[in-house]
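**Q** Let me see the structure of the following:
(one chain, ligands or ions: 1)
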Amino acid sequence: MIDLHDIRYVRLGTDNLDQAKQFATRIVGLDIARESRDKVYLKSDQRDHTLVYFKGDPADHTVGFELRDPHGLDAAAGHLDDAGFKVRWGTREECEQRYVRAFFNFRDLTGNSVDVVSRPFHSGIRYHGERDAGITGFNHIGLKTTDSPRDESFWTRTCNARVSDWIGDAALLRINIVHHTLALFPSSSAGIQHINHQVESVDDILKAWYFLKEQGVRIVFGPGRHPTSGAMFLYFEGPHGMVFEYSVGVRQIQPEEEATYRPRQFGWEPWSFCYWGAKPDIPEFRTTPAAAKPVAQP
Ligand SMILES: [Fe+2]
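**A** Take a look at the predicted model:
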């Protein structure tokens, strides 16, 4: 089994690097760790960086996960290889670009590009966003899946992910104490579906709501509260349609609860996404009859 410790970064292609940088800093509130002609590294916490925009195809997304055992990369690659996945080791130059000591990349069965990294760089420079968004750190992503039960099985059997809850077929998966670090949302293609940063308080959620509206940023869901994780949230649209989320108050499932915790099944309906009654305007969260999928039978 591949024992993942935490999510580490996302890498997104863009055909307008300056616009992506302006959005990430002025709107989201991230901090520039460093930038070059063709990429910008963004900080949201003590990690070297948690988001990279690079000049390239806007559909080119990669998510990076850190292994629990810093020396476990060979074993993890071997495990994937045995399971029939094509593993590509990062070159020295690619490791330098990712600010990790070593990594390999593979594609999951939907085709999502995933880096598994060892000894990613931390930073002695404190994060201080360009605007006071209250961000405490990069927290989780939504990942698209073209076959939820198949991909859920991969993340839970080949890796150490556990299902915290389901909404319809969408599995909210934890790899540590956070209710979900990865959420698999049914879609017709691969890619990152949303990017979450935690903020300090509910005040930051509502301050962001006023601020984003004032800036003309499209709010696509919220303010609201998830019945699954208990988090209060706000989702908004960034460059190339990428959805960004701020949230606060996400449930934690402590190690001593692991033996007794049971995932809950929520129906595919708006109340499963928000118990305040907000309706999502996000393709993968749509609960109209045409988009609704029956719950998979075991
Ligand atoms: Fe989320």
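**Q** I'd like to know how many residues surround the nearest residue to residue 135 once chain neighbours are set aside.
**A** Excluding the flanking residues, the one nearest residue 135 by Cβ to Cβ, 6 or more residues apart in numbering is residue 197, at 4.9 Å. (C-beta placed from N, C-alpha, C; glycine too.) Counted with other Cβ atoms under 10 Å, the neighbours of residue 197 add up to 24.
**Q** so how far is residue 206 from residue 197?
**A** To residue 206, residue 197 is 16 Å away according to Cβ to Cβ, to the nearest Å.
**Q** where's the residue of the chain found nearest the ion, which helix or strand?
**A** Residue of the chain nearest the ion, by Cβ to the ion: residue 196 (4.3 Å). Using DSSP states H and E, residue 196 maps to strand 192-199.
**Q** List the neighbouring strands of that strand plus their orientation.
**A** strand 135-145 (antiparallel), strand 243-248 (parallel) (DSSP bridges).
**Q** quick check: angle from the helix or strand just after that strand to strand 135-145?
**A** Downstream of strand 192-199, the next assigned helix or strand under DSSP H and E is helix 202-214. Interaxial angle, helix 202-214 versus strand 135-145 (axes from the mean of the first three to the mean of the last three Cα atoms, to 10 degrees): 70 degrees.
**Q** if we can go back for a sec, for the strand holding residue 196, output the C-alpha coordinates as PDB.
**A** Extracted C-alpha coordinates of strand 192-199, given in PDB (Å, rounded to 0.1, in the frame of the first residue of the first chain):
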ATOM      1  CA  ILE A 192      -8.400  19.100 -10.900                       C
ATOM      2  CA  GLN A 193     -12.000  20.100 -10.000                       C
ATOM      3  CA  HIS A 194     -11.400  22.600  -7.200                       C
ATOM      4  CA  ILE A 195      -8.600  23.800  -5.000                       C
ATOM      5  CA  ASN A 196      -9.200  24.500  -1.300                       C
ATOM      6  CA  HIS A 197      -7.400  26.900   1.100                       C
ATOM      7  CA  GLN A 198      -8.400  27.000   4.700                       C
ATOM      8  CA  VAL A 199      -9.000  30.400   6.300                       C
END
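**Q** model confidence over it, on average?
**A** For strand 192-199, mean pLDDT is 98.
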